[in-house]
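[1] No letters, just coordinates:
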């Protein structure tokens, strides 16, 4: 898992903005788990491996990376979107799961969002 964590960190630090859909280009990231913000019923991405989610959680907890909401057009441009309703109200706790398009960024690179992440 450390190798995957290092690859993800390197990709995020070299590119500056990485959509979750771009992480799936890395070997070992695809799987059956969702990366969610449980308290808000928000899904950041689906189809990630346990190792990927664990590595992302560690990078977030270490404050090596953070994520920021982005326009869903980032994902449309990449050709990978989630087929679900978009979250539109920041900080709202949704009753039904919503997709919050986000990009991953190196720590200190723009505004940071601090939340608990669960899978």
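    Cool, got the structure. Worth saying up front: this structure is predicted, and the values here are computed from it rather than measured.

[2] Tell me the buried residues in stretch 99-110?
    Within stretch 99-110, the residues that qualify as buried are 99, 100, 101, 102, 103, 104, 105, 106, counting by 16 or more other CB atoms under 10 Å. C-beta coordinates here come from the backbone N, C-alpha and C atoms, glycine included.

[3] Same check on stretch 47-64?
    Neighbour-count burial for stretch 47-64 flags 47-49, 51-60, 64 (criterion: 16+ other CB under 10 Å).

[4] For the residues you listed, give me CSV that also has pLDDT, distance to residue 33 and secondary structure.
    Shown next, in CSV, are the buried residues of stretch 47-64 (pLDDT from 0 to 100; distance: CB to CB, whole Å; DSSP: H, G, I helix; E, B strand; the rest coil):
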residue, pLDDT, distance to residue 33, secondary structure
47, 96, 8, strand
48, 97, 5, strand
49, 97, 7, coil
51, 97, 10, helix
52, 96, 8, helix
53, 96, 5, helix
54, 96, 10, helix
55, 96, 12, helix
56, 96, 11, helix
57, 95, 11, helix
58, 96, 15, helix
59, 96, 16, helix
60, 95, 15, helix
64, 95, 21, coil
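
[5] rewinding a little: the buried residues of stretch 99-110 into JSON lines, with extra columns for secondary structure, distance to residue 23 and pLDDT?
    Formatted as JSON lines, the buried residues of stretch 99-110 follow (DSSP: H, G, I helix; E, B strand; the rest coil; distance: CB to CB, whole Å; pLDDT from 0 to 100):
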{"residue": "99", "secondary structure": "strand", "distance to residue 23": "16", "pLDDT": "97"}
{"residue": "100", "secondary structure": "coil", "distance to residue 23": "16", "pLDDT": "96"}
{"residue": "101", "secondary structure": "coil", "distance to residue 23": "14", "pLDDT": "96"}
{"residue": "102", "secondary structure": "strand", "distance to residue 23": "11", "pLDDT": "95"}
{"residue": "103", "secondary structure": "strand", "distance to residue 23": "11", "pLDDT": "95"}
{"residue": "104", "secondary structure": "strand", "distance to residue 23": "8", "pLDDT": "96"}
{"residue": "105", "secondary structure": "strand", "distance to residue 23": "13", "pLDDT": "95"}
{"residue": "106", "secondary structure": "strand", "distance to residue 23": "14", "pLDDT": "95"}
